[in-house]
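Trainee: here you go, sequence then predicted model.
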Amino acid sequence: MMKIKLIKSEEDYLKALDRLEVIFHAKKGTDEHEELEILVMLIQRYEDEKVGQFPDPDPVEAIKFKMEQMDMSQKDLAEVIGLKSRASEILSRKRPMSINIIRKISKALSIPADILIRPYETV
């Protein structure tokens with residue numbers, strides 16, 4: 001069992017991550033499982049303090065990212081939206097998304113609607 005202590009440095013953080021990997025599948029009720037739960041809390045605290053929260057992505061960039069992950073083309077997005085020209089206008093930032101389009105994209109690409117409704121630059 002690792003000596004539990006606060007994570008105060010990058011070195012402590014990396015050691016904690018290494019130990020977490022070793023005990024990740026510890027069985028409930030064991031000392032290692034208790035250690036695992038404490039390590040997770042300490043790692044989370046350190047990450048929150050040092051790394052901070054990631055800002056929400058730009059809606060158009062979120063769509064492009066998910067499309068790439070899902071191997072979708074602009075034509076595929078047009079099928080989701082229902083209009084080929086609208087997909088092009090949204091991806092090129094020429095037109096903001098309507099609430100109906102946000103709903104369709106959110107459902108089809110599994111992007112939270114609260115990300116898609118964020119304001120973004122249009123040209």
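Mentor: Noted; the coordinates are in hand.
Trainee: break the protein into its domains for me.
Mentor: For the chain, the structural domains run 10-50, 59-116, going by automatic domain parsing.
Trainee: and those, which one is worst for confidence?
Mentor: Averaged per stretch, pLDDT over the domains of the chain is lowest on domain 10-50, reaching a mean of 91.
Trainee: how far away is Thr123 from Lys50?
Mentor: Wrong residue type there; residue 123 is Val, not Thr. Counting by CB to CB, to the nearest Å, the gap from Val123 to Lys50 is 37 Å. C-betas here are computed from N, CA, C, even on glycine.
Trainee: now the domains of the chain in TSV, with mean neighbour count and distance to Lys3?
Mentor: As requested, the domains of the chain are exported to TSV (neighbours: other CB atoms under 10 Å; distance: least, CB to CB, whole Å):
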stretch	mean neighbour count	distance to Lys3
domain 10-50	13	10
domain 59-116	15	40
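Trainee: could those domains go into JSON lines alongside distance to Ile4?
Mentor: Formatted as JSON lines, the domains of the chain follow (distance: least, CB to CB, whole Å):
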{"stretch": "domain 10-50", "distance to Ile4": "6"}
{"stretch": "domain 59-116", "distance to Ile4": "35"}
